[in-house]
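Engineer: Just the structure for this:
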Amino acid sequence: MKVYRDVRLANPFLRPYWRHERVTAMLASVPPERTKRYDDKYVQGYKKFLFQWNKSENNRDRLMHDNPGLFFAYLLHDRTHVEPELRLMIEARLLAGTNHEQIAHEAKTIPETVEWYERLFFNVSPFLEHHDWIVKHVLLPSSDRFVEDSSEEESDEEFTARPSTEVVRPHLDMTLKFFAYFGGPMICDVMISGFRRDKRITTYEDIPEYFNEQFASQIMRRSAQASGQFEINKYNVMELFATHSRLIEIQRSIEGQEDRHNEFEKHINAMLSELPWTAGLDGAQLYDKSPIGIYDEGAAELNEEELMLFGSGKEPESVEGVAELTISSRREPEKNHAKS
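Structural biologist: Residues are numbered from 1 along each chain as shown. Just a heads-up that it's a prediction; the model follows:
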């Protein structure tokens, strides 16, 4: 059982941006509420920062130099509705368990930026092991945002003049968060861009195969995005059932083929393991003074049937007198035929 020094962290209804809520509530009081003994350095530092930020725009350049990590973290939050992409990527990498240094490297910032952002606006790193809390307070809200955004677009009168809503539009929020949390850093990296960074092309001959693999990868990625977002209703539920049944049939067919192949391979392996594979001097020593060895040194070669009979301990009638044959005796009939 995990015990928290700050009892507030044991609250199951605690939201990832609880420090931000705490500070905004203090500043909303008249006069502003003072920090308490239990408020940590992030709450204290953010309260001072936000007070100066709201006081005057002239203070903001000084705030950047005083605490660049907090300044850039607040920019990520402040530009949520204007440029949300980078913020969503950082949140996904936090859910994937990536450390602050690596996330900062990918986002081209300093680790303190990621640290402050995680503590103030997306405090999930200490709680990643709490599956239900992550689902309730992070994953489900991202799914609800997608539904709300879609409803607003469909009710907009100008919506008819724009292209239809794409199912991959919220992939940096809902879809990416789900895959990052359950799949980890590698799947998070691929879901962000759709490409593998370790797949480099060094020759022109590799280009066609690269495009084929990338095409298949993009289709799988887009299908995964769509499968978690499309609406299920009375008009398409039967098609969904049919698709599911077909997937089950394909899976069972593949499993059946694998079982047959495995059994076939087992029989072949058992048969081949019983055969003594030898060559050169090893073969001569193995069959020395045996019927097969005697005929192997002679002028005549045994056929497959005769070899099988010798191998089973029997001597075929067709080999009578074959051991005495020589090269000259085999050529003798040709000479007699020539004289006649």
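
Engineer: what stretches of the stretch 1-150 of the chain score poorly on pLDDT?
Structural biologist: Scanning the stretch 1-150 of the chain for pLDDT under 70 picks out the ranges 1-3, 146-150.

Engineer: what stretches of the stretch 151-300 of the chain score poorly on pLDDT?
Structural biologist: 151-170, 227-230, 254-264, 267, 270-284, 286-289, 291-300.

Engineer: where exactly do the helices run in it?
Structural biologist: Here the stretch 151-300 of the chain has its helices, by DSSP state H, counting those that start in this stretch, at 174-183, 185-193, 207-227, 237-274, 281-286, 291-296.

Engineer: Likewise for the stretch 1-150 of the chain?
Structural biologist: Along the stretch 1-150 of the chain, counting by DSSP H, counting those that start in this stretch, helices occupy 18-28, 41-55, 60-66, 68-78, 85-95, 100-107, 111-120, 131-134, 140-155.

Engineer: could the ones you listed be laid out in CSV, adding mean neighbour count?
Structural biologist: For every residue, glycine as well, the C-beta is placed using N, CA and C. As requested, the helices of the stretch 1-150 of the chain are exported to CSV (neighbours: other Cβ atoms under 10 Å):
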stretch, mean neighbour count
helix 18-28, 17
helix 41-55, 17
helix 60-66, 13
helix 68-78, 20
helix 85-95, 22
helix 100-107, 17
helix 111-120, 23
helix 131-134, 14
helix 140-155, 13
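
Engineer: of all the ones you listed, which lies closest to residue 204?
Structural biologist: With distances scored as Cβ to Cβ, the stretch of those nearest to residue 204 is helix 100-107 (30.4 Å).

Engineer: by contact count, what packs against the closest one?
Structural biologist: Packing partners of helix 100-107 (3 or more Cβ pairs under 8 Å, 6 or more residues apart in numbering; DSSP states H and E): helix 85-95, helix 111-120.

Engineer: Save these as JSON lines, and put in distance to residue 67 too.
Structural biologist: What follows is the helices and strands packed on helix 100-107, written out as JSON lines (distance: least, Cβ to Cβ, whole Å):
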{"stretch": "helix 85-95", "distance to residue 67": "18"}
{"stretch": "helix 111-120", "distance to residue 67": "8"}
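
Engineer: Kindly state which of those is positioned closest to residue 66.
Structural biologist: Here helix 111-120 is closest among the helices and strands packed on helix 100-107 (Cβ to Cβ), at 12.1 Å.

Engineer: can you give me the offset of that closest one from its chain's centre?
Structural biologist: Computed by Cα atoms, centre = their mean, to the nearest Å, the chain-centroid distance of helix 111-120 equals 27 Å.

Engineer: So which elements touch it?
Structural biologist: Counting contacts by 3+ Cβ pairs under 8 Å, 6+ apart, helix 111-120 packs against helix 18-28, helix 41-55, helix 68-78, helix 85-95, helix 100-107.

Engineer: Domain-wise, how is the protein divided?
Structural biologist: Split into domains by automatic domain parsing, the chain comes to 7-198+205-227, 232-275, 281-339.

Engineer: which residue is nearest the middle of this structure?
Structural biologist: residue 187 (4.1 Å; Cα atoms, centre = their mean).

Engineer: Can you give me every residue that contacts the closest residue in space to it that isn't next to it in sequence?
Structural biologist: Excluding its sequence neighbours, the residue lying closest to residue 187 (Cβ to Cβ, 6 or more residues apart in numbering) is residue 179, at 5.3 Å. With contacts defined as Cβ atoms under 8 Å, 6 or more residues apart in numbering, the neighbours of residue 179 are 187-188, 191, 224.

Engineer: picking that back up, can you tell which of the helices and strands packed on helix 111-120 is closest to residue 231?
Structural biologist: Closest to residue 231 of these, according to Cβ to Cβ: helix 85-95, at 22.4 Å.

Engineer: which residues touch the closest one?
Structural biologist: For helix 85-95, contacts defined as Cβ under 8 Å, 6+ apart pick out 76-77, 79-80, 102-103, 106-107, 114, 117-118, 122, 124-125, 128, 134, 138, 172-173, 176-177, 180-181, 185, 188, 191-192.

Engineer: one more time with 7 Å
Structural biologist: Here helix 85-95 makes contact (Cβ atoms under 7 Å, 6 or more residues apart in numbering) with 76, 80, 103, 106-107, 114, 117-118, 122, 124-125, 138, 172-173, 176-177, 180-181, 188, 192.

Engineer: For residue 31, give its distance to residue 47.
Structural biologist: 13 Å (Cβ to Cβ, to the nearest Å).
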